[in-house]
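>>> take a look and give me a structure for this.
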Amino acid sequence: MNRNRLIIGVAGALVVALLASAFVYRQYKLQVPKAVASQYIVVANDPLQVGARVDASNLKLIAWPADKPVAGMFTKIDDCSGRALITPVVMNEPILDSKLAPRQAGAGLPATIPEGMRALSVAVNDVVGVAGFVIPGTTVDVLVTGMLPAARGGSDNNITRTILEDVRVLAAGQKIEQDKDGKPVSVPVVTLLVTPEAAVKLAMASTEGKIQLALRNTIDTKITEPAPVLQAVLFEGVAQPQAPRRIVKGKPVPPPPPYQIEVISGDKHTTKSFPNEGQF
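Numbering: from 1, shown residues only. I've put the predicted structure just below:
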């Protein structure tokens, strides 16, 4: 009798153990992640700047979840090789079609200029270039200081005004010029992206005046149109010069009619006129 009870107890324990094992196995299967299908996409092998031409030397393939596609991505290096970047990318950043210039646009700075826009370079110094913080991708306002046309040849009266606002910097670098002794010197240069109309203003300002760049937050695109500042107002505290008033003269008063006297001499009648002076 005891033997039968022992057999029944062992069998029951085995059944419980089997059920527990099945439960644990089922929970383990739920916790183990399922294998995800992957594909290869093209990414940058190194940090690349605007205008850089992408090819097999600076691109590579990495695994990417097949169910998480990115719009404009490439799965083969040959599909995007030879095109230029219009925006900087960091290492391992996916190369997208929206970040590349058309294949026929070439490489370098021209490929980064949108249709209808112009790139104009201006010479700057450490002060004008905001101590080196004006770099590609930043935005600036352009201020110019010059002499009022009316002050030329007379008392000097300089004026500073903002001619361009929210202008994007395409490039910042150096160019070689000659100093007064003919020796080559390095001159900082900033290239700005402007409209054709703004390019004309900027060229005139950099030639006839002194320009200054004001760095602004890239998310601040508000156009403020600040009022110009006159030298006399800034340093002397005098009021802004006003345009002279035009004096409108009335019509001239016509002179009074002359006096006429009839003179009778015998059978002759004559009329003589005398000016009317208004007083006698």
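>>> when you work out contacts or count neighbours from here on, use the C-alpha atoms and nothing else.
Fine.
>>> show me what residue 42 is bridged to.
residue 61 (DSSP bridges).
>>> what is the burial count for it?
Here the number of neighbours of residue 42 (other CA atoms under 10 Å) works out to 24.
>>> residues contacting it?
Counting by CA atoms under 8 Å, 6 or more residues apart in numbering, residue 42 touches 59-62, 73-77, 94-95.
>>> who does the longest strand belonging to the chain touch, helix- and strand-wise?
The residue-count maximum for a strand in the chain (DSSP state E) belongs to strand 158-178. In this structure, strand 158-178 packs against strand 139-147, strand 184-194, helix 196-208, strand 229-230, helix 231-236, with contacts taken as 3 or more CA pairs under 8 Å, 6 or more residues apart in numbering; DSSP states H and E.
>>> including mean pLDDT, distance to residue 118 and mean neighbour count, could those go into a markdown table?
Shown next, in a markdown table, are the helices and strands packed on strand 158-178 (pLDDT from 0 to 100; distance: least, CA to CA, whole Å; neighbours: other CA atoms under 10 Å):
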| stretch | mean pLDDT | distance to residue 118 | mean neighbour count |
| --- | --- | --- | --- |
| strand 139-147 | 90 | 15 | 20 |
| strand 184-194 | 73 | 5 | 18 |
| helix 196-208 | 91 | 6 | 15 |
| strand 229-230 | 86 | 29 | 19 |
| helix 231-236 | 76 | 33 | 13 |
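>>> tell me which of these sits nearest to residue 83.
strand 184-194 (20.7 Å; CA to CA).
>>> is residue 82 in a helix, a strand, or coil?
When classified by DSSP: H, G, I helix; E, B strand; the rest coil, residue 82 comes out as coil.
>>> if I read this right, it contacts residue 55, doesn't it?
Yes: the criterion here is CA atoms under 8 Å, and residue 82 meets it with residue 55 at 5.7 Å.
>>> between those two, which one's more packed in?
Just comparing residue 82 and residue 55: by other CA under 10 Å the higher neighbour count belongs to residue 82, 20 against 17.
>>> and the more buried one, what does it touch?
53-55, 103.
>>> in helices only, show me these.
Per DSSP state H, helices hold no members of the contacts of residue 82.
>>> quick check: the farthest pair among the residues you listed?
Spanning the widest gap among the contacts of residue 82 are 55 and 103, at 12.4 Å by CA to CA.
>>> pLDDT averaged over the one helix or strand residue 18 maps to - what is it?
Using DSSP states H and E, the element containing residue 18 is helix 2-31. For helix 2-31, mean pLDDT is 71.
>>> again with stretch 169-180
On average, stretch 169-180 scores 62.
>>> hang on, the earlier thing: please dump the contacts of residue 82 into CSV; it should also carry distance to residue 227 for every row.
Below are the contacts of residue 82 laid out as CSV (distance: CA to CA, whole Å):
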residue, distance to residue 227
53, 43
54, 45
55, 49
103, 44
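>>> and residue 165, how many neighbours?
19.
>>> that one is in contact with residue 141, isn't it?
Yes: contact criterion CA under 8 Å: residue 165 and residue 141 qualify, at 4.3 Å.
>>> SS state for residue 264?
strand.
>>> wait, it touches residue 272, no?
No: with contact defined as CA under 8 Å, residue 264 does not reach residue 272; the gap is 11.0 Å.
>>> from residue 117, how far off is residue 31?
56 Å (CA to CA, to the nearest Å).
>>> between those two, tell me which one has more neighbours.
Neighbour comparison, residue 31 and residue 117: the larger count goes to residue 117, with 14 against 9 (by other CA under 10 Å).
>>> would you mind giving the domain segments of this structure?
Domain assignment for the chain by automatic domain parsing gives 1-32, 38-112, 118-236.
>>> go through the ones you listed and pick out the most buried.
domain 38-112 (a mean of 17; mean count of other CA atoms under 10 Å).
>>> so for it, what's the average pLDDT?
For domain 38-112, mean pLDDT is 88.
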